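A.B. asks: quick one, structure for this:
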Amino acid sequence: MSENPGPITVYGATGYTGKLVAAELEAREAPFILAGRSREKLESLADSLGSNGRKPEVHPVPNTDAKGLRELFSRSGAVIACAGPFSLHGEPVLAAAVEAGVPYLDTTGEQDFIRRVFEVYGPRA
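C.D. replies: Okay, here's the model as predicted:
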């Protein structure tokens, strides 16, 4: 695992749970990046945050862009994945975090996905 003190990347930041995570990180004054598919939605969320004078960085990247995800995650201190359903959208984000060597956390409760994470990625995730 990386010892990168970089910002936390919230992938799927514009969904319900992603917004809650972003608001909590802002309240704790933690540096973070808003990431997901839609630049427009990410910019709108960033505009609604930043009450402490620090507007979060926005990084649009689809979960189908493995290289883009790895590049983003390689400068991140950790990844919090909030884009579901994880059985459809989760594994590319997880794989990119593992390949970038950064800590990964997701918000899934999908048992099949959780099983796959343990069976395929084990302690690397």
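A.B. asks: from now on I want contacts and neighbour counts done on CA atoms only, so please keep to that.
C.D. replies: Will do.
A.B. asks: quick check: S76 touching Y11?
C.D. replies: No. Look at S76 against Y11 with Cα atoms under 8 Å: they stay out of range, at 11.4 Å.
A.B. asks: can you give me the strands for this structure?
C.D. replies: 8-11, 32-36, 57-60, 78-81, 104-106 (DSSP state E).
A.B. asks: need those strands in CSV with mean neighbour count and mean pLDDT, can you?
C.D. replies: Formatted as CSV, the strands of the chain follow (neighbours: other Cα atoms under 10 Å; pLDDT from 0 to 100):
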stretch, mean neighbour count, mean pLDDT
strand 8-11, 26, 99
strand 32-36, 25, 98
strand 57-60, 20, 97
strand 78-81, 25, 98
strand 104-106, 18, 95
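A.B. asks: turn those into CSV, including distance to F118.
C.D. replies: Below are the strands of the chain laid out as CSV (distance: least, Cα to Cα, whole Å):
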stretch, distance to F118
strand 8-11, 20
strand 32-36, 24
strand 57-60, 28
strand 78-81, 16
strand 104-106, 13
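A.B. asks: what's the closest of those to E26?
C.D. replies: Closest to E26 of these is strand 32-36 (Cα to Cα; 8.0 Å).
A.B. asks: which stretches of the chain have low pLDDT?
C.D. replies: Low-confidence segments of the chain (pLDDT under 70): 1-4.
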